[in-house]
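Just a sequence and a predicted model for now, questions to come.
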Amino acid sequence: MANRVGGHPKMQWNKAVVTSLVLAGLLGATTTAMASDDKVDAANAEMHGIKANIANGEKIFKEGKGEVPACNSCHGPEGMGDDNLGTPRLANQQLPFLIKQLEDFAHDRRTDTTMSVMNNNAKGLTPQDRVDVAAYVSTKLTITSTLSNLKDLSAAGTVVGATHLGKSIVQFGIPEKGVPACQSCHGYNGRGVDPVYPQIGRQKYVYLMNQLKKWRDGTRANDPMSQMQHVAQKLSDEDMANAAAYLAGASFYSLGNPRLPEQHLPYLEAH
């Protein structure tokens, strides 16, 4: 049975197949693809989706594995990240994106310059472990009370942008600089678009700022078609701070719409 996040209706088969094929291309995966719909039998399930052992992923997240420490030691008990450590929110993040980042860390396509541990941590897990822990955190819903507290960050000396100016960048871009709206790729208020574009809305402020600066200076370069590098190179520190300030608390719900669109790729839970 296809698992769903947050009680959203199940994806239709044709959408799941297309999404699964795109994901397989992103990850270079063919044998790990699995199912997506109750109507699809087990044989088809093994070809279209992601096989994940949630129990194993939870164990790794909470207890670690071998020399790999528990994920929650840096990302928090609910996977909400920590502004003091510069770690991101993982909870409810798109599953394909999480898997890609762990694979990129494991193969040194991305370097952890924040805490300098993610490359070794990812290498210490098997490919299936990486899928399992990514699947586990992707099912954890965002807890709004643990989003970045911009007032506290500002009081502690962190430069925090203006949310109203950031809203303009997120929703409309900066035309005079050739900067597209963040939501043109990441969806309304940065709520993410599977399988390529992650949730940047409700992400930790410090992490957003760090990553934007890394995109700009080239110390992070694992973005599809170098899109983020091209965008970040056109942003000033002030632009980044404004956009990050708005995104850190942005609501995923569009005006007058009480529900979210389909976002998460279904997967078949392994037993």
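It's in.

Specify the residue ranges that define each domain of the chain.
Here the domain parsing of the chain from automatic domain parsing is 13-144+263-269, 147-247.

weakest of those in terms of mean pLDDT?
Looking at the domains of the chain, the lowest mean pLDDT belongs to domain 13-144+263-269 (a mean of 78).

how about the nearest residue to Gly192 once chain neighbours are set aside, what does it touch?
Closest residue to Gly192 apart from its sequence neighbours, by CB to CB, 6 or more residues apart in numbering: Gln199 at 3.7 Å. In short, each C-beta sits where N, CA and C put it, glycine included. With contact set as CB atoms under 8 Å, 6 or more residues apart in numbering, Gln199 has these partners: Asn92, Gln93, Gln94, His186, Gly190, Arg191, Gly192.

Of the residues you listed, which pair is most distant in space?
Greatest spatial distance among those (CB to CB): Asn92 and His186, at 14.3 Å.

Looking at these two, which one has more neighbours?
Set Asn92 next to His186 and count neighbours by other CB atoms under 10 Å: Asn92 wins out with 25 against 20.

Quick one: closest of the domains of the chain to Asn257.
domain 147-247 (9.1 Å).

what about the closest one, how long is it end to end?
11 Å (CA to CA, to the nearest Å).

returning to that earlier point: how about CSV for the domains of the chain, with distance to Leu255 added?
Conversion of the domains of the chain to CSV gives the following (distance: least, CB to CB, whole Å):
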stretch, distance to Leu255
domain 13-144+263-269, 18
domain 147-247, 10
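
what's the distance between Thr158 and Gly187?
According to CB to CB, to the nearest Å, Thr158 stands 27 Å off from Gly187.

With Asn56 instead?
In terms of CB to CB, Asn56 sits 30 Å off from Gly187.

now do Tyr207
Distance, Tyr207 to Gly187, using CB to CB: 19 Å.

Phi first, then psi, for Gln227.
The phi/psi pair for Gln227 (degrees, to the nearest 10) reads phi -60, psi -50.

Work out for me the element the closest residue to it other than its chain neighbours sits within.
In space, and not counting its chain neighbours, Gln227 is closest to Cys185: 7.0 Å by CB to CB, 6+ apart. Cys185 is part of helix 183-186, with elements assigned from DSSP states H and E.

Not counting its own residues, what contacts the helix or strand that that helix is followed by?
The C-terminal neighbour of helix 183-186 among helices and strands, as given by DSSP H and E, is helix 205-217. When contacts are defined by CB under 8 Å, 6+ apart, helix 205-217 is touched by residues 81, 83-84, 86-89, 113-114, 148, 150, 153, 158, 160, 200, 220-221, 223, 228-229, 231-233, 235, 237, 240-241, 243-245, 247-248.

After helix 205-217, which helix or strand is next? Please name it.
helix 227-232.

about what we covered before: closest one to Tyr253 among the domains of the chain?
Per CB to CB, nearest to Tyr253 of the domains of the chain: domain 147-247, 8.4 Å.

how distant is that closest one from the center of its chain?
Counting by CA atoms, centre = their mean, to the nearest Å, domain 147-247 is centred 13 Å from the centre of its parent chain.

Excluding chain neighbours, give the residue nearest to Met80 in space.
Thr146 (4.4 Å).

For Asp82, what are phi and psi?
Torsion angles, degrees, to the nearest 10, at Asp82: phi -150, psi 120.

doesn't His75 make contact with it?
Yes: using CB atoms under 8 Å, Asp82 is in contact with His75, at 7.1 Å.

Looking at those two, which is more packed in?
His75 (21 against 17).

returning to what we had before: when Asn56 and Gly187 are compared, which one has more neighbours?
Gly187 (22 against 19).
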